[in-house]
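In: Sequence isn't available, so here's the structure alone:
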């Protein structure tokens with residue numbers, strides 16, 4: 001099961017000895033914006049109008065074309081908070097659970113899945129860290145077999161989003177999240193790993209001992225070169241669920257972590273062990 005960062009919920013017998021790999025989500029693990037992926041079912045369920053879908057499509061196109069800088073992320077934050085004000089939280093969770101297999105599974109980079117499996121083989125925890133909302137990020141992280149998630153949390157009142165942000169998991173906010181998780185789970189950040197595509201995640205990459213740029217935007221590529229960080233290119237989205245019979249959507253939420261973890265630990269482990277460093 002995944003868990004968001006709660007300092008009271010995790011304890012380690014050997015504090016400071018454990019290692020985690022922190023992964024950004026969009027364009028690092030999956031080939032599209034996780035928020036944009038669900039715009040079609042949100043529209044079908046009446047949560048979005050046509051104008052909102054068009055705006056999301058344009059924002060996603062620009063995101064894929066040039067990445068996201070600070071100003072773009074702030075505009076996206078304002079757009080998303082206004083857009084989701086009044087949405088029913090349980091309806092959002094239900095839509096994500098029902099469409100996760102169809103929409104997200106084919107977008108997972110094979111290279112990212114291999115890398116996640118490699119870390120798990122080495123005994124490292126995997127943490128998905130994303131500026132997208134936790135109702136979207138947590139189910140995706142569970143499918144990937146991640147131990148924890150850190151994501152944006154919206155204020156909820158009477159089961160509906162108010163349009164206010166409780167915690168924005170972006171920039172320095174990502175560092176706050178991983179430092180809190182490191183303190184509660186006993187991670188030694190100097191031994192930990194981080195992966196991202198965007199220069200806006202520079203604070204997170206600097207917070208660990210082993211940083212890697214994945215599909216980096218121009219500014220992050222420049223930073224990675226200057227700092228001597230590895231640069232990886234992920235370009236092969238693959239359907240993990242296609243490797244075995246997928247459960248129905250009604251049982252997906254309960255079985256995703258077990259099923260995908262089995263794939264990650266089994267179906268591709270032989271190849272990974274052969275190239276294990």
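Out: Thanks, I have the structure now. A quick note: this is a predicted structure, and the numbers were derived from the prediction, not measured.
In: Tell me how many other residues surround residue 85.
Out: 14 (other CB atoms under 10 Å). From N, CA and C alone the C-beta is placed, and that goes for glycine too.
In: how close does it get to residue 98?
Out: 23 Å (CB to CB, to the nearest Å).
In: Also residue 140?
Out: From residue 140 to residue 98 the distance is 14 Å (CB to CB).
In: Neighbour count: these two, which is higher?
Out: residue 140 (28 against 17).
In: For the more buried one, list the residues it contacts.
Out: With contacts defined as CB atoms under 8 Å, 6 or more residues apart in numbering, the neighbours of residue 140 are 25, 29, 30, 34, 100, 104, 128.
In: Can you pull the phi and psi angles for the second one?
Out: If I follow you right, that is residue 29. phi -100, psi -40 (degrees, to the nearest 10).
In: Kindly provide the distance from it to residue 227.
Out: 22 Å.
In: who has more neighbours, these two?
Out: residue 29 (29 against 12).
In: So for that one, what's the nearest residue that isn't a sequence neighbour?
Out: residue 112 (4.4 Å; CB to CB, 6 or more residues apart in numbering).
In: Counting neighbours, what do you get for that neighbour?
Out: So residue 112, with other CB under 10 Å, has 24 neighbours.
In: Which helix or strand contains it?
Out: In this assignment (DSSP states H and E), residue 112 forms part of helix 110-121.
In: In that helix, which of the residues would be classed as buried?
Out: 111, 112, 113, 114, 115, 116, 117, 118, 119, 120 (16 or more other CB atoms under 10 Å).
In: So the closest residue to residue 26 other than its chain neighbours versus residue 229, what's the distance?
Out: What sits nearest to residue 26 in space, not counting adjacent residues and going by CB to CB, 6+ apart, is residue 33, at 5.0 Å. For residue 33, the distance to residue 229 equals 24 Å [CB to CB].
In: ok so, going back, which among the buried residues of helix 110-121 gets closest to residue 47?
Out: residue 112 (28.5 Å; CB to CB).
In: Contact partners for that closest one?
Out: So residue 112 contacts 23, 28, 29, 30, 214, 234 (CB under 8 Å, 6+ apart).
In: Buried members of those into PyMOL, please.
Out: Selection of the buried residues among these in PyMOL, burial being defined by 16+ other CB under 10 Å:
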select buried, resi 23+28+29+30+214+234
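In: how about the helices of this structure, start to end?
Out: Secondary structure of the chain (DSSP state H): helices located at 34-37, 39-44, 50-66, 70-84, 89-103, 110-121, 134-143, 172-185, 202-206, 218-227, 249-262, 269-275.
In: same for the shortest one, what does it pack against?
Out: Packed against helix 34-37, as judged by 3 or more CB pairs under 8 Å, 6 or more residues apart in numbering; DSSP states H and E, are the following elements: helix 50-66, strand 125-133, helix 134-143.
In: for the shortest one, which positions count as buried?
Out: The reference is to strand 125-133. For strand 125-133, by 16+ other CB under 10 Å, it's 125, 126, 127, 128, 129, 130, 131, 132, 133.
In: got it, and the last one?
Out: Applying a neighbour-count criterion of 16+ other CB under 10 Å, one finds 134, 135, 136, 137, 138, 139, 140, 141, 142, 143 buried in helix 134-143.
In: closest to residue 19 among those?
Out: For those, the nearest to residue 19 is residue 141 (17.8 Å; CB to CB).
In: what about the closest residue in space to the closest one that isn't next to it in sequence, distance to residue 114?
Out: Spatial nearest neighbour of residue 141, chain neighbours left out: residue 128 (3.9 Å); criterion: CB to CB, 6+ apart. Distance of residue 128 to residue 114, given as CB to CB: 16 Å.
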